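Asker: For reference, the sequence and a predicted model appear below.
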Amino acid sequence: MKNKILIIALGVVLVAATAFAAAKDGVTVRALVDRKAALTGDRIKYTITVTAKKGYEVQFPVFADYKIGYFEIKDSASATKKGLFGSRTFSNPYFISAYSPGKYIIPEIEIKYKAKGDKDWSTAKTAAIPVVIENILLQEDGIKDIKDVKGPMSFREINWALIIIAAVAVVVMVLIIYWVRRKPRPVKLPHETALEELETIKAEYLRAGDVKEYYSSASDCIRRYIERVFRLKAPEMTTEEFLNSLKDSSGLSLEHKDLLKGFLSASDLVKFAKYAPAREEIEAVFITAKKFVEETKDVLSKKDEGKA
């Protein structure tokens, strides 16, 4: 405890000793630091204070490369206070850092001043201030965290209960994932898939406005729907061949066959004949396709009932 008090007292004396007054022509220049020792990278507050009589101008130096001697300037500020009888005190604090341990000197700093009306500047210098930078890795606080290298853990030191619990948890998790993936997922019926596709096609048309792509996608959707329902393999068939393959089908009524023929023929006009449909025709495409799917969705269930 006594040693700490002695060190603090010594530090106060050292800091006080850094205050240097250069009085000349009514101008006083002082420089001081908030501490004489710091760790690498720490910020030290270095302040230059100039007190001048009324009517004096003061000019602080511009530090090249933002450095004062060895120290790098991290930040700076300036303030002016008015005193008695019109005097002014200029205070410029600089926050400086050094990154290599050692003993360094903050050099003398030249301050320029002159009375108003004078042509030439006069100069006054601050005192040089010694500062010690210590290695942060060698500080007592840092050494406390360093521990001896421990040898390999013995068999008895292993927490087997925790390992067994973790292993059981992993096995249970794997079994749950396997069960969830193995559980059969509900299969969508052809009409459900077709209706979802039509909604997507309509949304894409409203976003992009491509009429030809809209008709082409809608007709392809209906063809795929019929192929799934009647188990046809007709991806390369023309519209005429496709309709002929359904001509003798008892699954579709005559009304539905006519509806399908009109829909596919209108789509072909837009896709291949560069026909430009009116707005009402474009809106009718989605309505017709959806109506066809909804009115024929029971065909598959009837075909399955007949097989049973």
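Answerer: Now that the structure is in, tell me what you want to look at.
Asker: and the longest helix along the chain, how far out from the chain's middle?
Answerer: When the chain is parsed with DSSP state H, its longest helix is helix 160-182. The chain centre lies 35 Å from the centre of helix 160-182; the measure is Cα atoms, centre = their mean, to the nearest Å.
Asker: ditto for stretch 66-79
Answerer: 33 Å.
Asker: which residues touch stretch 112-124?
Answerer: Applying Cβ atoms under 8 Å, 6 or more residues apart in numbering, the contact partners of stretch 112-124 are 22, 24-25, 27, 29, 50, 52, 55-59, 61, 110-111. Every C-beta, even on glycine, is put in place using the N, C-alpha and C of the backbone.
Asker: what helix or strand is the residue nearest the centre of the chain on?
Answerer: In the chain, the centroid-proximal residue (Cα atoms, centre = their mean) is residue 74; its distance is 27.6 Å. Residue 74 belongs to strand 71-76 when assigned by DSSP states H and E.
Asker: partners of the helix or strand just after that strand in the sheet?
Answerer: Heading C-terminal from strand 71-76, the first helix or strand you meet, by DSSP H and E, is strand 79-82. Strand 79-82 has the following strand partners under DSSP bridges: strand 88-97 (antiparallel).
Asker: got the angle for the strand it pairs with vs strand 71-76?
Answerer: Per axes from the mean of the first three to the mean of the last three Cα atoms, to 10 degrees, the angle that strand 88-97 makes with strand 71-76 is 120 degrees.
Asker: May I see the buried residues of the helix or strand that comes right after strand 88-97?
Answerer: Note on strand 88-97: by DSSP H and E, the next helix or strand toward the C-terminus is strand 102-106. Under the neighbour-count criterion of 16 or more other Cβ atoms under 10 Å, strand 102-106 has 104, 106 buried.
Asker: So residue 133: helix, strand or coil?
Answerer: Under DSSP: H, G, I helix; E, B strand; the rest coil, residue 133 falls in the strand class.
Asker: That one - how many residues pack around it?
Answerer: Here the number of neighbours of residue 133 (other Cβ atoms under 10 Å) works out to 22.
Asker: for residue 108, same thing?
Answerer: 14.
Asker: likewise residue 270?
Answerer: Using other Cβ under 10 Å, residue 270 has 22 other residues around it.
Asker: my hunch is that it is in a helix, does that hold up?
Answerer: Yes - under three-state DSSP, residue 270 sits within a helix.
Asker: Pretty sure it sits against residue 210.
Answerer: No - look at residue 270 against residue 210 with Cβ atoms under 8 Å: they stay out of range, at 10.9 Å.
Asker: what are the ranges of the helices in the stretch 201-308 of the chain?
Answerer: 211-230, 239-245, 254-272, 279-296, 298-307 (DSSP state H, counting those that start in this stretch).
Asker: Check these for me and report the most buried one.
Answerer: Across the helices of the stretch 201-308 of the chain, averaging neighbours per residue (mean count of other Cβ atoms under 10 Å) puts helix 211-230 on top, at a mean of 19.
Asker: Low-confidence stretches in the stretch 151-300 of the chain?
Answerer: Applying pLDDT under 70 to the stretch 151-300 of the chain flags the ranges 151-157, 183-185, 234-235, 299-300.
Asker: mind running it again at 80?
Answerer: Counting by pLDDT under 80, the stretch 151-300 of the chain shows low-confidence ranges at 151-160, 180-187, 230-236, 247-252, 273-274, 298-300.
Asker: if you average pLDDT over stretch 83-103, what comes out?
Answerer: The average pLDDT for stretch 83-103 rounds to 86.
Asker: got the CA coordinates for it in PDB?
Answerer: Taking Å, rounded to 0.1, in the frame of the first residue of the first chain, the C-alpha atoms of stretch 83-103 are listed here in PDB:
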ATOM      1  CA  GLY A  83      -9.500  36.000 -18.900                       C
ATOM      2  CA  LEU A  84      -9.200  39.200 -16.900                       C
ATOM      3  CA  PHE A  85      -8.400  42.400 -18.700                       C
ATOM      4  CA  GLY A  86      -9.000  40.900 -22.100                       C
ATOM      5  CA  SER A  87      -6.400  38.200 -22.000                       C
ATOM      6  CA  ARG A  88      -7.100  34.900 -23.700                       C
ATOM      7  CA  THR A  89      -6.000  31.300 -23.000                       C
ATOM      8  CA  PHE A  90      -5.700  28.900 -25.900                       C
ATOM      9  CA  SER A  91      -5.700  25.200 -25.000                       C
ATOM     10  CA  ASN A  92      -5.000  22.500 -27.600                       C
ATOM     11  CA  PRO A  93      -5.100  18.900 -26.300                       C
ATOM     12  CA  TYR A  94      -3.700  16.200 -28.500                       C
ATOM     13  CA  PHE A  95      -4.400  12.500 -27.800                       C
ATOM     14  CA  ILE A  96      -1.200  10.600 -28.800                       C
ATOM     15  CA  SER A  97      -0.200   6.900 -28.800                       C
ATOM     16  CA  ALA A  98       3.000   4.800 -29.300                       C
ATOM     17  CA  TYR A  99       3.100   1.100 -30.300                       C
ATOM     18  CA  SER A 100       6.600   0.000 -29.400                       C
ATOM     19  CA  PRO A 101       7.900  -0.100 -25.800                       C
ATOM     20  CA  GLY A 102      10.700   2.200 -24.800                       C
ATOM     21  CA  LYS A 103      11.700   5.600 -23.500                       C
END
